[in-house]
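Student: compute the structure for the input listed below.
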Amino acid sequence: MLSTQLRTEVPSSRRRRTLPAGFAVAGAAISFTSLYLAAGALTPLLVVYKERWNFAPAVLTVAFAVYAVGFLAAVLTVGSLSDHIGRRPVLIGAMIVQIASNLLFLAASDVGWVIAGRIVQGVASGAATSAFTAALVELAPPNRKRLGAVLGSVGLTGGLGAGSLLAGLAIQLTPRANSIVFISLTVLTTLGIVVAVLSPETVSRVPGAARSLIPRIAFPPAVRREFAAAAPVVAAVWMLAGLSGGLAPSMVRSVFHLNSGLLNGFAGFVAPAVSAVVGLAFARVEPRRAMTIGIHASIVGAVGIIGGVLAGSLPIMIVGQAVAGVGFGAAFTAALRLIFPLAPVHQRAAVVAGIYLVSYVALGVPIVIAGQLAGPLGEIPAVTLYTASTVLLALISLVAQLRLRRS
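Tutor: Just a heads-up that it's a prediction; the model follows:
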C-alpha cells in the first residue's frame, strides 16, 4: 500500500504512444483531486438532502460516515494491487467506480440512494489513493519526485476542502446544485480516465496479485511503542475531521440559525484546507516536535469548537476548526514519519494499513454515535461530549509523547 519505491519501467518494446511526462503528472494530480472534490462536496450537500427529505440528524451522520466503510474495505484489499498489475488498470477501474457513485447521487430520490452512493464513493477513493500516490511520484521527472509527493498530499486534503467550498457556493447560487456538482465531477473523472489510458505505465507486472487482496494489518515490536503513543491523537484529529465534515455544516443552520449554503460549505472547507497547508509546511519540522505541536493544536481547536457552540458564535467555532486543522496537518503527518521508518520493509504496508484502520474507524464510528445521541440529549450536548472526548485522547498522547522523549 502507499508504496514509494520506484518499480522497473515497462520494457520499451511494449510502450505505446503516451502523454508527455508533464501532462501525465498534471492530469493524474487533477484526476486524484477530483476523487476528493466529490467526497468533500457531500459535506454541504448532505444538509440540502436533510432539508429535502426531512430525515433525522442521526441518518445524516450515517450518510457521512459510511464513506469510511467503503474506503477501508477497498484500501485493505486492493490497496496494494497496483504494485502487481500496474497503476493504470487500478486507476481506470477506480475512476469508473467513482462515476458510478456520481450517477447514484444524480439519481437519488431518497437518503438510501445517498448512503449507497457514499459507500461506492469510499470504495473508489480507497482503491485509487495508494495507486495515485505512487503514480504521481513515479510519473514525475527524476529531479521533481518531491513535487509528485506534494501533489498527492495536497490533492487529498485540499480536494476535500475545495469540494466542500465549491459545492456550498453552488448551493448558494442555484437550486440545481446537486446536478451541477455531479455532472461536472463526472466530466472531470471521465477526462481522468482518458489521461490514465494515455499515460505511461510505471511498473511491470509481478506475481502475487491474488495474495495482495488478503487484508494484512501488523504492528511489529519495533513500532508498537511509537504507535501506541500516536494512536490516540491520530484518532482525535480524525474525529475532529469527522465533526467538520459530518456535523459542522448542519450546525450552521440548526445551532447558529443561519440559512446559507456558502457558510455550510465554508464550515466543511476550513479544517481540511488548513491541514493541507500545515502538512506541507511541517514537512521539514522534526517529527517529534511536529507531533507535540499537533497535539496542542488539536486540544486548542477542540476547545475552540466547544466554546463557539456553547457561546452561539459561528466565528469562534470556525477558528476552532482552523486550529484543529493545524493539529491534523501536524500530528497525522508526524505520526506517519515517526512510525513508518521503524517498520521492517516487508511489513510497512501492513503497518500503514493499521494506521488507516485507526483513522477511518475514528472518522466514522464516533460521529454516528454522536448522531444517535443528538436525539435524546440534544445536538449541543452531543457535540460537546464528542469534542471533549477528542481532548481526552489528545492528552493521552501528550503524556505518552513526553514519556518517549524522556526515554
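Student: hey, let's count contacts and neighbours off CA atoms from now on
Tutor: OK.
Student: show me the shaky parts of this structure.
Tutor: Flagging of the chain using pLDDT under 70 yields the residue ranges 1-17.
Student: I115 contacts A63, correct?
Tutor: Yes: I115 is in contact with A63 according to C-alpha atoms under 8 Å; the separation is 4.9 Å.
Student: which elements pack onto the longest helix seen in the chain?
Tutor: Across the chain, the longest stretch assigned as helix under DSSP state H is helix 21-53. Helix 21-53 sits against helix 57-75, helix 111-139, helix 145-173, helix 177-198, helix 221-246, helix 248-254, helix 261-281, with contacts defined as 3 or more C-alpha pairs under 8 Å, 6 or more residues apart in numbering; DSSP states H and E.
Student: if you set the cut-off to 6 Å instead, what comes out?
Tutor: On a contact count with 3 or more C-alpha pairs under 6 Å, 6 or more residues apart in numbering; DSSP states H and E, helix 21-53 meets helix 145-173.
Student: give me the angle between the helix it packs on and helix 111-139.
Tutor: 150 degrees (axes from the mean of the first three to the mean of the last three C-alpha atoms, to 10 degrees).
Student: next, the angle helix 177-198 makes with helix 145-173.
Tutor: Inter-element angle recorded for helix 145-173 and helix 177-198: 160 degrees (by the same axes, to 10 degrees).
Student: what about helix 145-173, distance to the chain center?
Tutor: Here helix 145-173 is found 10 Å from its chain centre; the criterion is C-alpha atoms, centre = their mean, to the nearest Å.
Student: can you pull the buried residues of that helix?
Tutor: Within helix 145-173, the residues that count as buried by 16 or more other C-alpha atoms under 10 Å are 148-172.
Student: cool, stretch 108-116 as well?
Tutor: Neighbour counts over stretch 108-116 (16+ other C-alpha under 10 Å) mark A108, V111, W113, V114, I115, A116 as buried.
Student: next, format those residues as CSV and append distance to L385.
Tutor: Formatted as CSV, those follow (distance: C-alpha to C-alpha, whole Å):
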residue, distance to L385
A108, 33
V111, 27
W113, 30
V114, 28
I115, 26
A116, 29
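Student: and of these, the nearest to S125?
Tutor: A116 (14.5 Å; C-alpha to C-alpha).
Student: how close does that closest one get to A65?
Tutor: From A116 across to A65, the span is 12 Å (C-alpha to C-alpha, to the nearest Å).
Student: kindly report the same for T190.
Tutor: Distance of T190 to A65, given as C-alpha to C-alpha: 26 Å.
Student: which one of those two is surrounded by more residues?
Tutor: Between T190 and A65, counted using other C-alpha atoms under 10 Å, A65 has the larger neighbour count: 27 against 18.
Student: just the element for the closest residue to the more buried one other than its chain neighbours, please.
Tutor: In this structure, A65 finds its nearest non-sequential neighbour in G364, 4.3 Å apart by C-alpha to C-alpha, 6 or more residues apart in numbering. For G364, the host element (DSSP states H and E) is helix 348-377.
Student: show me which positions of the helix or strand following that helix end up buried.
Tutor: Using DSSP H and E, the helix or strand that follows helix 348-377 towards the C-terminus is helix 379-406. Going by neighbour count (16+ other C-alpha under 10 Å), the buried part of helix 379-406 is 379-384, 386-391, 393-398, 400-401.
Student: again with stretch 205-219
Tutor: Residues of stretch 205-219 classed as buried: A209, S212, L213, P215, I217, A218, F219 (neighbour count, 16+ other C-alpha under 10 Å).
Student: please state the offset of that stretch from the chain centre?
Tutor: On C-alpha atoms, centre = their mean, the centre of stretch 205-219 falls 23 Å from that of its chain.
Student: just the endpoints, please. Distance across that stretch?
Tutor: Distance between the two ends of stretch 205-219: 28 Å, counting by C-alpha to C-alpha.
Student: what sits up against stretch 335-344?
Tutor: Outside stretch 335-344, the residues that touch it by C-alpha atoms under 6 Å, 6 or more residues apart in numbering are V223.
Student: dump it to PDB, restricted to CA.
Tutor: Presented in PDB, the C-alpha positions along stretch 335-344 are these (Å, rounded to 0.1, in the frame of the first residue of the first chain):
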ATOM      1  CA  ALA A 335       2.700  10.100  13.100                       C
ATOM      2  CA  LEU A 336       3.500   8.600   9.700                       C
ATOM      3  CA  ARG A 337       7.000  10.000   9.800                       C
ATOM      4  CA  LEU A 338       7.600   8.600  13.300                       C
ATOM      5  CA  ILE A 339       6.100   5.100  12.800                       C
ATOM      6  CA  PHE A 340       6.800   4.200   9.200                       C
ATOM      7  CA  PRO A 341      10.600   4.200   9.200                       C
ATOM      8  CA  LEU A 342      10.600   1.800  12.300                       C
ATOM      9  CA  ALA A 343       8.700  -0.900  10.400                       C
ATOM     10  CA  PRO A 344      10.600  -3.700   8.600                       C
END
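Student: just the angle between the helix or strand encompassing I316 and helix 348-377, please?
Tutor: Using DSSP H and E, the element containing I316 is helix 314-339. Using the same axes, to 10 degrees, the inter-axis angle of helix 314-339 relative to helix 348-377 is 150 degrees.
Student: buried residues, helix 314-339. List them.
Tutor: So for helix 314-339, counting by 16+ other C-alpha under 10 Å, buried means 314, 316-339.
Student: against G261, how distant is the residue lying closest to L262 once chain neighbours are set aside?
Tutor: Nearest non-adjacent residue to L262, counting by C-alpha to C-alpha, 6+ apart: G168, 4.3 Å away. Between G168 and G261 the computed distance is 5 Å (C-alpha to C-alpha).
Student: what of F269?
Tutor: Per C-alpha to C-alpha, F269 is found 12 Å from G261.
Student: next one: D110
Tutor: Applying C-alpha to C-alpha, the value for D110 to G261 is 20 Å.
Student: equivalent analysis for L42, please.
Tutor: For L42, the distance to G261 - C-alpha to C-alpha - is 12 Å.
Student: ditto for S254
Tutor: 13 Å.
Student: looking at those two now, which is surrounded by more residues?
Tutor: Comparing S254 with G261 by other C-alpha under 10 Å, the one with more neighbours is G261, at 27 against 13.
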